[in-house]
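pasting a predicted model and its sequence here:
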Amino acid sequence: MIVEQERSNRLRKACVAKTEPTRKGMVDLALVATQNDSLSSMIRELQAQAQQVLCEAFDSPPKSVYEASLYLAIEAELRDGTQRMHLARVGLYAEEIARQAGLSRDRQKLLLLSSPLHDIGKLSVPESILRKPRSLDAEEWDVMKKHCDNGVQLLDEVLESSSALVPAPVSLIDLSRELILSHHERYDGRGYPHHLSGEDIPLEARILAIADVFDALTTNRPFRAALDDNQALEVMMLEQGRHFDQVLFDAFLDCFSRIRSIRRNMHPCK
């Protein structure tokens with residue numbers, strides 16, 4: 001009880017002070033917003049694109065680099081046996097955790113928009129591995145672990161081949177690269193692909209790791225049935241401070257009722 005109170009107090013102090021864990025090479029998106037008044041309007045336009053592609057329709061040719069990237073993300077999820085709503089939910093969960101942790105509004109929204117692209121590298125993984133109804137063997141795991149690096153390469157290929165499309169903000173592309181590459185890293189350094197640890201893992205990737213695992217645990221998969229919210233939370237609490245950044249996991253706990261409400265109230269995509 002004392003430990004939990006200390007964690008809660010630490011989180012509240014961080015939020016009040018507007019301090020965040022630092023990391024090398026962090027892009028100060030709040031500063032970008034100050035220098036570029038059009039960022040907020042671009043974010044609104046990108047949100048409209050995400051809404052249309054993820055939850056309405058995506059049968060027309062993409063008009064922007066972001067839409068083209070979302071199409072690939074959806075294709076990757078379909079091969080993995082999941083649905084578009086996974087992409088939407090993960091972004092909303094990550095945004096909620098970021099809000100609770102005290103990130104600026106622009107950083108919250110850019111995380112929301114970038115999160116759906118995190119697994120596009122699964123397009124490079126055979127469906128026989130993605131849909132295997134039991135645990136992967138060592139050779140199959142080696143293939144799976146490459147999807148992060150492959151995803152960054154795929155995003156770069158989209159950028160190189162989409163000169164005729166409306167470009168995406170540099171801040172969105174940079175963050176998307178970070179999330180694709182680092183969302184499977186663990187705070188204790190035992191993740192992949194590059195075994196980063198602690199604050200060497202980009203802040204937004206540490207947030208996405210929590211959101212992604214919660215949605216994965218509460219979704220039916222080829223190798224197991226979905227857990228209910230409380231069961232998933234119990235599993236994740238065993239990994240706080242190991243898989244997950246403790247301060248960010250505390251933020252997740254503090255906003256868990258809102259995250260659970262998001263999951264239960266979201267309507268299936270058409």
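Yes, it's here.

you'd agree Asp188 is in a helix?
No: under DSSP: H, G, I helix; E, B strand; the rest coil, Asp188 sits outside any helix and is assigned coil.

ok, which stretches of this structure are strands?
With DSSP state E as the definition, the chain shows no strands.

helices and strands of it: which one has the lowest mean pLDDT?
helix 29-35 (a mean of 36; mean pLDDT, DSSP states H and E).

test my guess that Leu172 contacts Leu110.
Yes: counting by Cβ atoms under 8 Å, Leu172 touches Leu110, with 5.9 Å between them. C-beta here means a position set from N, CA and C on the backbone, and glycine is covered the same way.

who has more neighbours out of those two?
Comparing Leu172 with Leu110 by other Cβ atoms under 10 Å, the one with more neighbours is Leu110, at 29 against 23.

give me the nearest residue to the more buried one, chain neighbours excluded.
Nearest residue to Leu110, sequence neighbours excluded (Cβ to Cβ, 6 or more residues apart in numbering): Leu175, at 5.4 Å.

burial count for that neighbour?
By other Cβ under 10 Å, the residues close to Leu175 number 24.

if I pick Val125, what's in contact with it?
The contact partners of Val125, by Cβ atoms under 8 Å, 6 or more residues apart in numbering, come to 79, 143-144, 146-147.

got the buried residues for stretch 162-182?
Of the residues in stretch 162-182, 162, 165, 168-169, 171-182 count as buried by neighbour count, 16 or more other Cβ atoms under 10 Å.

using pLDDT, spot the least trustworthy of those residues.
The lowest pLDDT within these belongs to Ser162, with 87.

returning to that earlier point: helices - which of the buried residues of stretch 162-182 land there?
Per DSSP state H, helices hold the following members of the buried residues of stretch 162-182: 171-182.

adding distance to Asn265, write those out as CSV.
Formatted as CSV, those follow (distance: Cβ to Cβ, whole Å):
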residue, distance to Asn265
Ser171, 30
Leu172, 27
Ile173, 31
Asp174, 32
Leu175, 27
Ser176, 27
Arg177, 31
Glu178, 29
Leu179, 25
Ile180, 28
Leu181, 32
Ser182, 30
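
of those residues, closest to Gln49?
Checking these against Gln49 with Cβ to Cβ, the nearest one is Leu172 at 11.1 Å.

so who does the closest one touch?
Neighbours of Leu172 in contact, by Cβ under 8 Å, 6+ apart: 46, 66, 110, 113-114.

again, but for Glu45
Shown in contact with Glu45 (Cβ under 8 Å, 6+ apart): no residues.

can you show me the helices along the stretch 101-250 of the chain?
Along the stretch 101-250 of the chain, counting by DSSP state H, counting those that start in this stretch, helices occupy 105-114, 127-130, 138-145, 147-161, 170-182, 203-217, 229-237, 246-254.

want to throw these into a markdown table with distance to Ser261?
Shown next, in a markdown table, are the helices of the stretch 101-250 of the chain (distance: least, Cβ to Cβ, whole Å):
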| stretch | distance to Ser261 |
| --- | --- |
| helix 105-114 | 16 |
| helix 127-130 | 30 |
| helix 138-145 | 32 |
| helix 147-161 | 30 |
| helix 170-182 | 24 |
| helix 203-217 | 13 |
| helix 229-237 | 10 |
| helix 246-254 | 14 |
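
which parts of stretch 214-222 are buried?
Of all the residues in stretch 214-222, those buried under the rule 16+ other Cβ under 10 Å are 214-219.

Ala101 contacts Arg206, doesn't it?
No: using Cβ under 8 Å, Ala101 is not in contact with Arg206; the gap is 9.7 Å.
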